[in-house]
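Peer 1: make a model of this:
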Amino acid sequence: MAAVAEEGSLAAATRRLHLSASALSHQLRDAETKLGVSLFLRRNRRLILTAAGERLLQASRRLLDEARRAESSVSGQAQEIIRVSTGCYTAYSWLAPALTRFGRAHPDVDVRIELDATRRPVSALLRGELDLALTSDVPRSSRLRSMPLFSDELILLVPRDHRLARAGVVRAEDLRREHVIVYDAPREDLDVFTKVLWPAGVEPMRVSRIPLTEAMVELVRAGAGVAVLVGWAVPKDPALVRVKLAGRGLLRRWRAVTLRRRRPWPALHDLVQLISARPP
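Peer 2: Residues are numbered from 1 along each chain as shown. Have a look, this model is predicted:
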């Protein structure tokens, strides 16, 4: 399941797994027959996961991780795996330096960024799918331990010739006539709605959810709208202007969240310390 989903085609998966195409096709058909559902859709020689396939893939990755941990333990290998996810969507520039330094200090530990958990990292942590969630949204739970990391600010990005480019601060009412571009997430997960627009009873003229930070920036540069995104993700560009939101600014306080453990995990603690030492 994992190999076919990651490679995107049966031929590539057979090469990776060292199986014949007929053997792998038979295994897939057998799995679909036993489960009574289709796991893949066939589109132009590519295999695309169905909703049932997505669920099974998530389960298979957890099983594979557990199998690798067990294999390392039994064989005497010291390698550990730390599964990490962050609510930063497609921008990880602040995380990479910390991972590089961690890799030098802990060459026997494999840090994996779990992209599937980006939208709900704490939920994935509680389900046992993560070891570390980096997020600004931490629910109250006796099962969780959270440590402060840093604060960042959401800003409004506008073209230089836009009417709001010279505004010192943009408030909810200023966005009523705008096409507002936001991250691809439910509105209840976006601070611009929960902390700015909804309290003021304001609905923008149009809202677009875009999954890529780079695409949001390009749309603003082209004059297609204004974007609410984190300031550190925006490149320096004379054609773009950053404007504060909601008076003193729309701040987020990031925390490292883990499950409470009976014994400390030194490698995980070191990773958190390295991330907090170099904020964006």
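
Peer 1: for the stretch 51-200 of the chain, which spans come out with low pLDDT?
Peer 2: Of all residues in the stretch 51-200 of the chain, those with pLDDT under 70 make up the ranges 69, 71-79, 88-92.

Peer 1: for it, what spans make up the strands?
Peer 2: Secondary structure of the stretch 51-200 of the chain (DSSP state E, counting those that start in this stretch): strands at 80-86, 109-113, 132-135, 144-159, 169-170, 179-183.

Peer 1: and this structure, what are its domains?
Peer 2: 1-77, 153-251 (automatic domain parsing).

Peer 1: Asp110 reaches Val84, doesn't it?
Peer 2: No - Asp110 is beyond contact range of Val84, at 10.8 Å (criterion: C-beta atoms under 8 Å). All C-beta spots, glycine's among them, are computed from the backbone N, C-alpha and C.

Peer 1: please identify which of the two sits among more neighbours.
Peer 2: Taking other C-beta atoms under 10 Å, Asp110 and Val84 do not tie; Val84 has more neighbours (21 against 15).

Peer 1: and Val111, what are its bridge partners?
Peer 2: Ile82 (DSSP bridges).

Peer 1: could you check how many residues crowd around Ala105?
Peer 2: Residues near Ala105, counting by other C-beta under 10 Å: 11.

Peer 1: ugh, wrong one, Asp65
Peer 2: Residues near Asp65, counting by other C-beta under 10 Å: 18.

Peer 1: touching, it and Ile81? I think so.
Peer 2: Yes - the pair Asp65 / Ile81 is scored as a contact, 6.1 Å apart, by C-beta under 8 Å.

Peer 1: quick check, distance from stretch 123-136 to the centre of its chain.
Peer 2: Put simply, stretch 123-136 sits 11 Å off its chain's centre (C-alpha atoms, centre = their mean, to the nearest Å).

Peer 1: look up phi and psi at the residue positioned nearest the centre of the chain.
Peer 2: Centroid check for the chain by C-alpha atoms, centre = their mean gives Thr118 as the closest residue, at 2.8 Å. Per-residue torsions, Thr118: phi -60, psi -40 (degrees, to the nearest 10).

Peer 1: contacting residues for Pro107?
Peer 2: Contact analysis of Pro107 by C-beta atoms under 8 Å, 6 or more residues apart in numbering lists nothing.

Peer 1: of the domains of the chain, which is nearest Glu114?
Peer 2: domain 1-77 (8.3 Å; C-beta to C-beta).

Peer 1: so how far is that closest one from its chain's centroid?
Peer 2: The answer for domain 1-77 is 23 Å, by C-alpha atoms, centre = their mean.

Peer 1: now swap in stretch 211-227 and tell me
Peer 2: 19 Å.

Peer 1: burial count for the closest residue to Arg171 other than its chain neighbours?
Peer 2: Computed as C-beta to C-beta, 6 or more residues apart in numbering, the closest residue to Arg171 that is not its neighbour in sequence is Ala246, at 6.6 Å. For Ala246, the neighbour count with other C-beta under 10 Å is 20.

Peer 1: could you check the pLDDT of Ala246?
Peer 2: The model reports Ala246 with a pLDDT of 83.

Peer 1: that one against Val196, yeah?
Peer 2: Yes - Ala246 is in contact with Val196 according to C-beta under 8 Å; the separation is 5.0 Å.

Peer 1: which residues do the two both contact?
Peer 2: Joint contacts of Ala246 and Val196 (C-beta under 8 Å, 6+ apart) are Arg171, Ala172.

Peer 1: now do the contacts for Gly87.
Peer 2: Thr118, Arg119, Pro121, Leu134, Thr135, Ser136, Asp137.

Peer 1: ok, and the closest non-adjacent residue to the second one?
Peer 2: Counting by C-beta to C-beta, 6+ apart, Arg119 lies nearest to Ala185, which is 6.0 Å off, once chain neighbours are set aside.
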